[in-house]
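Novice: pasting the sequence and the predicted model now:
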Amino acid sequence: MSNPTYAVREDPGDERPLVWLAGEIRTPPFSRAGRLLAGYLLRRLQRGDRLAMPFSRPMPVIGRRCHELRVRDGDRNWRICYRTDPDAVVIESCRRRLREYDDA
């Protein structure tokens, strides 16, 4: 199983941590504007906001509480799959990693 990586926050407040389920974090080649939008949307998720279209849509085929974060970046559309848990926003690459996270 890969080691989860937790986002470090200076003042956690009521925010949930982001948990990346991967051996290393790779980001799409966002433009500056795309990177800012993705960061803004992830921060809203950490604060417990529920996002709707056009920024997020449910992905029940992947699993319960799974969604697709939709980041429009110029002429490209990036997708980040995530699951919201009571204590974290889990960002994943596949169902297997979610099963491993749940079994740990």
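Specialist: Cool, the structure landed.

Novice: can you pull out the helices in this protein?
Specialist: Counting by DSSP state H, the segments of the chain that form helices are 32-46, 95-103.

Novice: and these, which one's lowest on average pLDDT?
Specialist: Among the helices of the chain, helix 95-103 has the lowest mean pLDDT, at a mean of 75.

Novice: what residues sit buried inside it?
Specialist: 97, 98, 101 (16 or more other Cβ atoms under 10 Å). Yep, even glycine has a C-beta here, placed from its N, CA and C like the rest.

Novice: now swap in stretch 57-73 and tell me
Specialist: Going by neighbour count (16+ other Cβ under 10 Å), the buried part of stretch 57-73 is 62, 66, 67, 69, 70, 71, 73.

Novice: return the subset of the residues you listed lying in strands.
Specialist: When strands are assigned by DSSP state E, the members of the buried residues of stretch 57-73 inside them are 66, 67, 69, 70, 71, 73.

Novice: possible to save those residues as CSV with distance to residue 51 and pLDDT?
Specialist: As requested, those are arranged in CSV below (distance: Cβ to Cβ, whole Å; pLDDT from 0 to 100):
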residue, distance to residue 51, pLDDT
66, 13, 90
67, 8, 94
69, 7, 93
70, 9, 94
71, 11, 93
73, 17, 93
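
Novice: okay, these in JSON lines with distance to residue 53 next?
Specialist: Output for those, formatted as JSON lines (distance: Cβ to Cβ, whole Å):
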{"residue": "66", "distance to residue 53": "15"}
{"residue": "67", "distance to residue 53": "11"}
{"residue": "69", "distance to residue 53": "11"}
{"residue": "70", "distance to residue 53": "8"}
{"residue": "71", "distance to residue 53": "13"}
{"residue": "73", "distance to residue 53": "17"}
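
Novice: out of the residues you listed, who's nearest residue 31?
Specialist: Looking at those and their distance to residue 31, the nearest is residue 73, at 5.5 Å (Cβ to Cβ).

Novice: and that closest one, what are its bridge partners?
Specialist: Each beta-bridge partner of residue 73 is listed here: residue 76, as defined by DSSP bridges.

Novice: swap in residue 66?
Specialist: Here residue 66, judged by DSSP bridges, has bridge partners residue 83.
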